[in-house]
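> give me a model of this one.
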Amino acid sequence: MKFRMVDRIFSWQRRRGIRGAKAVSFEEYSLKHAFGGPAHLPETLLMEGLFQLGNWLVVLSSDFTRMALVVRVGQVRFDERLRPGERLDMEVTVRRFRDDAICFDGVARVDGRQIAAGTGCLAVPDDLARYHDPEDLRVLFSEIYRPQESGSHATA
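Next up, the predicted model:
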């Protein structure tokens, strides 16, 4: 089973940053709360969305030859929960992009309000073909890259 936590990519700049979104549906089974509280996307999956968006930047910056494997996260803060029906706008910016390591920061927002942030995510690049078919990812990117759809919910 694969979790696809990036539904749209709005913009990206090689080795610098990327913006995207995840729409949280009312049917997503991961939203059930074990203790009967209000449904929300687990914080681990919210962070996975930021990791996947950062990975897309590595894939795109390498012309579909490299991907990133997260090895460390410096600091993470959650301000609010992500509820069903909300759109998560994500932005990942690069602190350092080297051939042997990439350091990212990420911010997640809903309707312009920051709900989570992470700093100092360290990832190491690896050969993309070891994990995914690059041509399949090219097709997926052509389906999710929609710069004209960033709309009023996009992050700056």
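> the longest strand along the chain - contacts with which helices or strands?
Identified as the longest strand of the chain according to DSSP state E is strand 113-127. The contact analysis (3 or more CB pairs under 8 Å, 6 or more residues apart in numbering; DSSP states H and E) places strand 113-127 against helix 43-61, strand 66-72, strand 75-78, strand 102-110. Yep, even glycine has a C-beta here, placed from its N, CA and C like the rest.
> quick check: bridge partners of Asp127?
Per DSSP bridges, the residues bridged to Asp127 are Arg66.
> any idea how far it is from Val92?
21 Å (CB to CB, to the nearest Å).
> quick revisit: which residues are in contact with the longest strand of the chain?
Here strand 113-127 makes contact (CB atoms under 8 Å, 6 or more residues apart in numbering) with 43, 46-47, 50-51, 54-55, 58, 62, 65-82, 88, 95, 99-109.
> list the contacts of the closest residue to Phe64 other than its chain neighbours.
Closest residue in space to Phe64, ignoring its immediate chain neighbours: Pro134 at 4.2 Å, by CB to CB, 6 or more residues apart in numbering. Contact partners of Pro134, counting by CB under 8 Å, 6+ apart, are 64-65, 128.
> select from those the one having the most neighbours.
With neighbours set by other CB atoms under 10 Å, the maximum within the contacts of Pro134 is found at Leu128, which has 20 neighbours.
> the closest residue in space to Glu149 that isn't next to it in sequence: how many residues sit nearby?
Excluding the flanking residues, the one nearest Glu149 by CB to CB, 6+ apart is Arg8, at 6.3 Å. Neighbourhood size, Arg8 [other CB under 10 Å]: 20.
> my read: Arg8 touches Gly20, true?
Yes - assessed by CB atoms under 8 Å, Arg8 is found in contact with Gly20 at 5.6 Å.
> which residues do the two both contact?
Ile144.
> name the SS class of His15, please.
Just so we're on the same page, residue 15 is Arg rather than His. At Arg15 the chain is in coil, as set by DSSP: H, G, I helix; E, B strand; the rest coil.
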